[in-house]
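>>> Fold the following, please.
(2 chains)
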Amino acid sequence: MSMSAQQDAPKAPPGFLRRLLRSPSGAIGLGIVLLLLFFAIFAEMLAPYNPNKMGAGGRFLPPGGKHLLGTDEFGRDMFSRILFGSRITLLIGAVAVGISLTIGMAVGMIAAFRRGWIEAILMRSTDVLFSFTETLIALSFVAVLGPSLQNAGIAVGVAGIPFYARTCYAAALVETSKPYFEASISAGARPARLVMVHLLPNVLPTMIVVATLGVSTAILAAAGLSFLGLGAQPPTSEWGYMLAGSRDYINRAPWLMTIPGIAIAITVLGFNLLGDGLRTSLDPVERK
Amino acid sequence: MNALLSVTNLSVSLGDTTLVESIAFDLEPGEVLCIVGESGSGKSMTAKALMGLLPPKAAAQGKAMFDGMNLLSEEVTPPRGTGIGLIFQEPMTALTPVLTIGLQLTEALETHGLCQKDEAYERAVAMLERVGIPEPETRMRQYPHELSGGMRQRVVIAMMMLLGPRVLIADEPTTALDVTVQAQILDLLREIVRDTQIGLILITHDMGVVAEMADHVLVMRAGKAEEFGKVAEIFSAPKAAYTRDLLDAVPRIDSISIREDVASDVLLSAQNISKTFNMRGSLFAGQRGQKALDDVSLDIQRGETLALVGESGSGKTTLGHVIARLTDAEAGKVLMNGTDLTALSGRALQAERRAVQMVFQDPYASLDPRQSIGRTIAEPMIIHESLSKDERQSRVFDLLEKVDLSPDAARRYPHEFSGGQRQRIAIARAIAARPTLVVADEPTSALDVSIQARVLDLLDALKRSEKLTMLFISHDLAVVRQIADRVAVMRNGRILEMGPASALFADPKHPYTRALIDVAPVPDPTRKHGVRPVLKGDYPVGPLSEVSAGHWVAA
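All right, here's what the predicted structure looks like:
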């Protein structure tokens, strides 16, 4: 590459959004996620009815007509409930992943950076947590904190920490062993600088991808807790809780179960596709 | 004599870009043709075209007549294995790690329907013996990872030769190997060519290997043939300007370099350093150790370039890391201007360690991909000096100029630069800390010869202008010959010989040093080696004693 070429090269990561949109999965995923965000933000304006108002129409009305997605056993408008539910779903996904990501990354980076006994303690305790299924950890957390939407979010977040910690640890180990890291140590960089200036920016792309994929896991786990009655409490229109509530009417009104199910599926699909797209587009331009 | 392989007008194109353009050569039985060129010259692509192994979308035109068929024609599948064999740089890529050597050798014979199972076994054992592998019957039951790199390459050669090809293409077959092993593999290839009268196409970047091996040479650059001719003519009277440049850029072990004497004034003194690498002890495994450094002592004089030479596993890189305090030694001291670096920690260490800076081997991993070049070079200043933003920037521009890069490089990111440019940026970062000692760990071994020459010149010039002392770690004696004032030869964690470069190269005292100098390929076809003595593992490793002024040898 000649020195004069690419005078106005964009700052890294160059053309990131364009690369994301060029991959079909990235474009579709981003579309779904943006649409969900739109629904969540403007739920009040978009919803034709108050989601918790009973008897807005008849009970068990099938989809179509005045009620786009029908009504439930209390005559509440399903479309409005789904719209408001997207708000809760996204929020719980964000909270849970936020908790897993911040604590997990801190644990992983400290372990990889400090090595020695700190590494041993942090990573072995991660291993211990790893040997329980995430649902079990989340369940025991809710059991202690008490069932509520907020606690479900915290529980799912805590349950996810080992996975994020281990992924971040692996990524950080790779970076700390590279010569550029040693060069900074030689230059006299102190730990805070090494972590914030060199380590964090280099593990972050990996972790963003992991977190995006993790949003869908968190949403599923939170929906699972709500389904068991340990998350959202009535009359909240959380999708998992809606699934649980409609269990008894599966023969009489199958759409009550199908619609929240499809909503969850589309959301999970959206985040998975976006994560996939991010993975390819965040790949460093290093080494052809 | 009729040519085995006759290539005319060979071109390879990928879409609209031409990768290789009108290559022509003849290969006769018992002949070695070397294709030499730097990375991106199209030498490997030419070989791939002959084997019909071009990447999808790439297309070959022209004629390559072998056994009455045109290998480049789309209807023809080249007789891989039985007609033309291929040997890669990294022997592991040609061997499956999950199958035994024996299975892989006999399988090749059986799939090609050359013989039955029992016979295949016997032929495989005989071939292993033929390529110089001791205890061939035991090897048949072993897996590739149980063998050393050199042994693996022998297995690959055996595998190819079993199928009885008439042309063998070897793509950088010794580049991943140590010099002493390289010499043995080259000897083996030459022997095979002589005994079986096959034609060998040897692809290499190393003019020394060319001089040792070639009958004819094809010099390639940017997909074109620069020159084709007999090896003696290429070396004694190169016609193309590029060939001359290439030959000039090659460092020579037999060159006479005049280095000024350095006054005795110890800058850094490493004393009785020992370091053992633990096979990372898990909870249940006992501590097993690999001695990387075994009671090594070494003084570096102010203003000199001391070269640390050795093969892989000799401990030379570990010693460099210990001196830069990137690795902690178990025993011993590193005294820098009288201060023991190994005793420092925390802020005191951070302040002292700027005096020792490193330049690393891998130009791709030695720059933070998410930092602009300007920020990378400015880092030592941010840490140690309180400069205003403008002062810092002008110093960055200054440093960039010193390493022959334009100031606008500061705004850009590592991926926008070539390997050679990155290595120059890494050098700028090292001197930005205003060090007194620079530890350069194989700084040019990942670079092409012409770029290597530039980086070496730059290091040497900076050493003078910045009044630096340099510890130069390398496996390449020819490079060391060019740059070093003093040389220390290491093997298995010990220093075996140490002395002024002139004395050590002219009159090596230790048998291992002699062997190293002996096997290094010299880019001069008139000085071809005969069959070399096989290197045995046992050398004197006792304490060093002085044989002449400043020249120490292990007894």
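>>> ok, residue 40 - how many residues close by?
Since you didn't name a chain, this refers to chain A. When neighbours are counted by other C-beta atoms under 10 Å in any protein chain shown, A:Ala40 registers 18. For every residue, glycine as well, the C-beta is placed using N, CA and C.
>>> hmm, I had chain B in mind actually
Summarising burial for B:Gly40: neighbours were counted as other C-beta under 10 Å, giving 14.
>>> What residues does the stretch 101-250 of chain A have near chain B?
Counting by C-beta under 8 Å from any C-beta of the partner chain, the stretch 101-250 of chain A comes close to chain B at A:178-190, A:193, A:197-198, A:201-202.
>>> repeat that for 10 Å
Proximity of the stretch 101-250 of chain A to chain B (C-beta under 10 Å from any C-beta of the partner chain) is limited to residues A:120, A:124, A:174-175, A:177-191, A:193, A:197-202, A:204-205.
>>> Sort out for me which of those residues are in helices.
A:120, A:124, A:174-175, A:179-186, A:191, A:193, A:200-202, A:204-205 (DSSP state H).
>>> Grab the most central residue of chain A for me.
A:Val215 (1.4 Å; C-alpha atoms, centre = their mean).
>>> Which pLDDT value belongs to that residue?
Predicted confidence (pLDDT) for A:Val215: 87.
>>> give me the element it is part of.
helix A:200-227 (DSSP states H and E).
>>> Next, the angle from that helix to helix A:179-186.
Angle, helix A:200-227 to helix A:179-186, by axes from the mean of the first three to the mean of the last three C-alpha atoms, to 10 degrees: 110 degrees.
>>> Mind giving me the packing neighbours of helix A:200-227?
Applying 3 or more C-beta pairs under 10 Å, 6 or more residues apart in numbering or on different chains; DSSP states H and E, we find helix A:200-227 packed against helix A:24-41, helix A:78-114, helix A:134-145, helix A:149-176, helix A:239-245, helix A:255-282.
>>> As JSON lines, those with distance to B:Glu227 would be great.
As requested, the helices and strands packed on helix A:200-227 are exported to JSON lines (distance: least, C-beta to C-beta, whole Å):
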{"stretch": "helix A:24-41", "distance to B:Glu227": "49"}
{"stretch": "helix A:78-114", "distance to B:Glu227": "52"}
{"stretch": "helix A:134-145", "distance to B:Glu227": "66"}
{"stretch": "helix A:149-176", "distance to B:Glu227": "44"}
{"stretch": "helix A:239-245", "distance to B:Glu227": "73"}
{"stretch": "helix A:255-282", "distance to B:Glu227": "43"}
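>>> Most proximal residue of the stretch 151-288 of chain A with respect to chain B?
A:Pro179 (3.7 Å; C-beta to the nearest C-beta).
>>> Next, the contact list for that residue, please.
A:186, B:326, B:358-368, B:426, B:441 (C-beta atoms under 10 Å, 6 or more residues apart in numbering or on different chains).
>>> so of the residues you listed, which ones are in helices?
Using DSSP H, A:Ser186, B:Ala426 are the members of those that sit in helices.
>>> The contacts of A:Pro179 in strands, which ones?
Among the contacts of A:Pro179, the members found in strands (DSSP state E) are B:Met358, B:Val359, B:Asp441.
>>> Quick one: buried ones out of those?
B:Met358, B:Val359, B:Asp441 (16 or more other C-beta atoms under 10 Å in any protein chain shown).
>>> and the first one, how far is that from B:Glu90?
What it means is B:Met358. 27 Å (C-beta to C-beta, to the nearest Å).
>>> before we move on, what about the second one?
Look at B:Val359 and B:Glu90: by C-beta to C-beta, they are 25 Å apart.
>>> Could you do the last one as well?
For B:Asp441, the distance to B:Glu90 (C-beta to C-beta) stands at 21 Å.
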